[in-house]
Structure formats: structure tokens, C-alpha cells
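Enquirer: have a look at this prediction, sequence included:
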Amino acid sequence: MKYSENRGSQGSSAAQVVKAEIIGTLVGCLVSILAVILLAALFSMFALPDGMVRYMGLIAAAIGALVGGNTAAGKAGSRGLLCGLLAGGILFALYLGLSSLTGFEMMAFAERWPFLPAMLLPAAVGGFLAGGRRKKSRK
């Protein structure tokens, strides 16, 4: 009896983590897109050098990963650092896959790898910060 009860709670916990990762990844993507739009407006308003575009992309990716990791860990309710790292990894995989699908080769493949730590570290920090939050149980 105890085995089936434990097994059921583990399954729901895994489903809860998967759902939290999906939500965190989607929120991270949306925030990253909004950050790109805001940074593009900033770029067009001021006479910034063209070399700043890459760094603005790194900043937008880091902001999206931070919010995505925080959201994923907050929704999961536990394992904050792991959930944040996983959300950052998924975001990087999406970025790498989508950027390779485009027909434009503006950045060489080796130039895309700085986005890995720029997405994993903020996502881990966001997950760590949200890991201390616990869902309040209703009485």
C-alpha cells in the first residue's frame, strides 16, 4: 500500500516539474522577445555601434533565462537550482535550433556558444532565488 502511494506522489511530482519547465520556458521565450524588442528600440534611438547588436542579444537572452528559470522553479516549488538550469538549457537548445533553421548565417556556429553560459547562469540564479519560495497551503 505504501509503495503505490509513494509511486503516485512521485509521478505527480515529475508531471509537476515537466509542467513547470514548459511554463518557465514559454515565459522565458516571451520575456526574451520583449527584451529584444526593447533593446532594438534603444538601438534605433541612439547611434550605437553595430558591434553592440551581439551583446544586446546576450543581454536579452540572459534576461529571458533569468525570468524563465525563476518561473520554472517557482511553479515546481522545489529543486530550484535544477529547475532553473533545466529551463536555461531548454532555452539555449531552442535558441540554437531556431537560429540554425534560419537561412541567415550572420553568426558562425562557434559564435553562438557564448549564449550557453549567458543563459544557464542567469537561469540557475533565478531558479535558486525562487527555490526558497514554497507554495502556501490553504487550511
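Expert: Nice, I can see it.
Enquirer: following the longest helix seen in the chain in sequence, what is the next regular element?
Expert: Taking DSSP state H as the criterion, the chain has its longest helix at helix 2-45. For helix 2-45, the following helix or strand on the C-terminal side (DSSP states H and E) is helix 52-76.
Enquirer: got the buried residues for that following helix?
Expert: 56-57, 59-76 (16 or more other C-beta atoms under 10 Å). Glycine gets a C-beta too; all of them are placed from N, C-alpha and C.
Enquirer: can you check stretch 111-126 too?
Expert: 115, 116, 118, 119, 120, 121, 122, 123, 124, 125, 126.
Enquirer: my read is that residue 68 contacts residue 23, right?
Expert: No - between residue 68 and residue 23 there is no contact under C-beta atoms under 8 Å: 9.0 Å.
Enquirer: check contacts around residue 86.
Expert: Contacts for residue 86 (C-beta atoms under 8 Å, 6 or more residues apart in numbering) come out as 21, 72.
Enquirer: separation between it and residue 26?
Expert: Computed as C-beta to C-beta, to the nearest Å, the residue 86 to residue 26 distance reads 14 Å.
Enquirer: check residue 46 too.
Expert: Taken as C-beta to C-beta, the span from residue 46 to residue 26 is 31 Å.
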